[in-house]
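1. I would like the atomic coordinates for the input below:
(one chain, ligands or ions: 2)
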Amino acid sequence: MRRFGAMPVVDDVSLSIAAGQVTCLLGPSGCGKSTTLRMIAGVEMPDRGLVRIDGQVVCGDGAQIPPEQRSVGLMFQDFALFPHLCVADNVGFGLVHLPAAERARRVAALLERVNLPGFARKYPHELSGGEQQRVALARALAPEPRVMLMDEPFSGLDNRLRDGIRDATLDLLKETGTAVLLVTHEPDEAMRMADEIALMRDGRIVQRGAPYNIYNAPVDKAAAAFFSDINVIRGVSRGALTETPFGAFLTPGHTDGAAVEIVIRPQHLKIDFDRNGRGPNPTAQDGTAARGTVARSRFLGRESLVEFRMEFDGSTLTAAVPGVFLPNPGTVLWLMIRRDRCFVFPART
Ligand SMILES: Nc1ncnc2c1ncn2[C@@H]1O[C@H](COP(=O)(O)OP(=O)(O)OP(=O)(O)O)[C@@H](O)[C@H]1O
Ligand SMILES: [Mg+2]
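-> Ligands and ions are numbered 1, 2, ... in the order given. Below you'll find the model as predicted:
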């Protein structure tokens, strides 16, 4: 637990990370991710709580092991290379205990791995931001830490470069069996990198699980909305059923008369092309179709986003269609909802 002033910014967080696994601490800006990471690293003191690495208490219970003795590799948002040292010396900084030949061999191997062969004698000011980042990564990996703490380490890189470096970094960390805690506010990055995601909000971890589970079984509306746009259909649960213009939805566990929100991601809103506007053709899985008028169509590359103004209440629903589908505004189409892809939450009052 860590307070700044009266406000706890990290509260009751319990997190364990496994060797050879990547755990992503994911959450919006200011939720306390960096503070959590800094406490594990030992550069920030918790007001209360324990940090254990490999079973050893490194902080709390009277213990206070300094950062450099925790076998922790760090890569922070504001990583800094030593400006007066060349790339090779930056990378070899944590290897001074090794014989020179051995050290040079390891530095060369690491530079190869981060795709910077031939950069050994350059100085940081001669490198692009992305190249500096990769040197910082090589430097953090050089002492083979048991735990690697990374705080948005790929944030400065352009998209194409970033994917390559992310994957190379992952391979390297898996190979060495390092336990990785990676902080990010980007769901895509977490989905791509993580074996496990810990979703953080307001200083607490609200959900943990494999990317698939976090995405497909969010704990609440905000958790669902963190990963994609969402559509919300409101209703009232009666006898464990909620009637909507899209048919009845099973809403077990909600008391009679409870307001519920049925949440559906845009890719699970189906346009009933077969019927071509000729009317609903209900099926067990898809329920009833409802009419909407196209308000806007946009092409995003992999998919098209179509916004509908719904006839039943004038609300807006967004459907994502793979590839190109750009109906003109004003076109009337029938929409259906994949019931097996809905999440039902109690409505916030
Ligand atoms: N040294 C400090 N003194 C006072 N408040 C701080 C301090 N460090 C962080 N905070 C506050 O604690 C909260 C959590 O900060 P933290 O840096 O952990 O967020 P974060 O989740 O890493 O956000 P981001 O994604 O923007 O990096 C923020 O509201 C921040 O303003
Ligand atoms: Mg941060």
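
2. now for the strand ranked longest in the chain, which elements pack on it?
-> Ranked by number of residues, the top strand in the chain under DSSP state E is strand 290-299. On a contact count with 3 or more CB pairs under 8 Å, 6 or more residues apart in numbering; DSSP states H and E, strand 290-299 meets strand 303-310, strand 332-337. No exception for glycine: its C-beta is placed from N, CA and C like everyone else's.

3. okay if I get those as a markdown table plus mean neighbour count, mean pLDDT and distance to residue 317?
-> A markdown table is the format used below for the helices and strands packed on strand 290-299 (neighbours: other CB atoms under 10 Å; pLDDT from 0 to 100; distance: least, CB to CB, whole Å):
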| stretch | mean neighbour count | mean pLDDT | distance to residue 317 |
| --- | --- | --- | --- |
| strand 303-310 | 20 | 96 | 5 |
| strand 332-337 | 21 | 90 | 7 |
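
4. For those strands, give me JSON lines that also has distance to residue 42.
-> Below are these laid out as JSON lines (distance: least, CB to CB, whole Å):
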{"stretch": "strand 303-310", "distance to residue 42": "44"}
{"stretch": "strand 332-337", "distance to residue 42": "49"}
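
5. since we're on the residue of the stretch 151-300 of the chain found nearest ligand 1, how many residues are nearby?
-> Taking CB to the nearest ligand atom, ligand 1 has its nearest neighbour within the stretch 151-300 of the chain at residue 185, 4.4 Å off. Using other CB atoms under 10 Å, residue 185 has 18 other residues around it.

6. and what of residue 217?
-> Residue neighbour count, defined by other CB under 10 Å, stands at 12 for residue 217.

7. tell me which parts of the stretch 51-200 of the chain are close to ligand 1?
-> Within reach of ligand 1 by CB under 6 Å from any ligand atom, the stretch 51-200 of the chain has these residues: residue 185.

8. can you give me the strands for the stretch 51-200 of the chain?
-> 51-53, 56-60, 63-64, 72-75, 147-151, 179-184, 196-201 (DSSP state E, counting those that start in this stretch).

9. Make CSV from those and add mean neighbour count to it.
-> Formatted as CSV, the strands of the stretch 51-200 of the chain follow (neighbours: other CB atoms under 10 Å):
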stretch, mean neighbour count
strand 51-53, 18
strand 56-60, 17
strand 63-64, 12
strand 72-75, 23
strand 147-151, 24
strand 179-184, 24
strand 196-201, 23
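
10. Any chance of the ones you listed in TSV with mean pLDDT as columns?
-> Formatted as TSV, the strands of the stretch 51-200 of the chain follow (pLDDT from 0 to 100):
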stretch	mean pLDDT
strand 51-53	85
strand 56-60	85
strand 63-64	82
strand 72-75	88
strand 147-151	92
strand 179-184	94
strand 196-201	95
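
11. Just give me the longest helix of the chain.
-> Assignment by DSSP state H gives helix 159-175 as the longest helix of the chain.

12. Quick one: mean pLDDT over that helix.
-> For helix 159-175, mean pLDDT rounds to 82.

13. ditto for stretch 316-327
-> 95.

14. just to revisit the earlier point, any chance of the helices and strands packed on strand 290-299 in JSON lines, with distance to ligand 1 too?
-> Supplementary listing: these in JSON lines, determined by distance: least, CB to the nearest ligand atom, whole Å:
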{"stretch": "strand 303-310", "distance to ligand 1": "26"}
{"stretch": "strand 332-337", "distance to ligand 1": "33"}
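
15. picking up where we left off before, so what does the longest helix of the chain touch, helix or strand wise?
-> Using 3+ CB pairs under 8 Å, 6+ apart, helix 159-175 is in contact with strand 22-26, helix 129-141, helix 187-193.

16. so where's the protein shaky on pLDDT?
-> 77-79, 274-286, 349 (pLDDT under 70).

17. domain parsing for it?
-> Per the record, the chain has its domains at 2-224, 228-346, by automatic domain parsing.

18. what about the last one, how long is it end to end?
-> Terminal residues of domain 228-346 are spaced 20 Å apart (CA to CA, to the nearest Å).

19. There's contact between residue 23 and residue 193 in this structure, I believe.
-> No. Contact criterion CB atoms under 8 Å: residue 23 and residue 193 do not qualify, at 9.5 Å.

20. tell me, what's touching these two both at once?
-> By CB atoms under 8 Å, 6 or more residues apart in numbering, residue 23 and residue 193 have these common neighbours: residue 182.

21. that older thread, just the buried residues of the longest helix of the chain, please?
-> 161, 162, 165, 166, 169, 170, 172, 173 (16 or more other CB atoms under 10 Å).
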